[in-house]
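[1] Sequence first, predicted coordinates after that:
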Amino acid sequence: MSHPVGTLLAASYRTPAGPLVVVVDPHASGDLGPADYGAVVAATFRGLDDATARLASDVIVRPRSAVPFVRDVLSRYADGDLDALDEVSVSQPGGPFQQRAWRAMRTIRAGSVDTYAGLARRAGSARASRAAGTVCSSNLVAPFVPCHRVIASTGIGGYGYGVDIKIALLEHEGVLL
């Protein structure tokens, strides 16, 4: 089925941390290159209204039952294939440091964590730990870009969807807190 440019597709999926609304642009090419489904452009644990509010005002978001590839990946992730999220191509606007930091987040393997300072180093700006925290908070496509795997040097740190969601994701991935 063809969708007009500017029309995005949204569906809700089960995850170990609760329902996740995922928005896909079927015409986008994401960080992993072209994909049959396009690219994930937003994901949120706060419902469709939150997902829509995070996007440009000139797009149309059409709810649908599921994007099969995304459904299959999230199902595999829930069933214990912790690397499944790595297969999803994402696209989000951001400056050079943001893009480097989001790419760096995708190198933090499931079952492990890094600090904001560690993320800054991975992104090539070792002294930018505060900026790394800001990049985490501006991530539109969590958990596909796994900002939940970035923690404070003093403990768990915050999470835009609440620390309980962050803990649920990390525990599902085998991180002992």
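    Now that the structure is in, tell me what you want to look at.
[2] Can you tell me what sits against stretch 69-80?
    Stretch 69-80 is contacted from outside by 11, 13-16, 20, 22, 24, 35-37, 40, 84-85, 87-88, 172, using CB atoms under 8 Å, 6 or more residues apart in numbering. The C-beta positions use only the backbone N, C-alpha and C, and glycine is treated the same way.
[3] of the residues you listed, buried ones?
    Neighbour-count burial (16 or more other CB atoms under 10 Å) is assigned, among the contacts of stretch 69-80, to 11, 13, 15-16, 20, 22, 24, 35, 37, 40, 84-85, 87-88, 172.
[4] show me the contacts for the residue nearest the centre of the chain.
    Nearest residue to the geometric centre of the chain (CA atoms, centre = their mean): Ala142, 2.1 Å. Residues in contact with Ala142, defined by CB under 8 Å, 6+ apart, are Ala43, His148, Gly160, Tyr161.
[5] can you tell me the helix or strand for the first one?
    I take that to be Ala43. strand 39-44 (DSSP states H and E).
[6] Repeat that for the last one.
    Using DSSP H and E, no element contains Tyr161; it sits outside every helix and strand.
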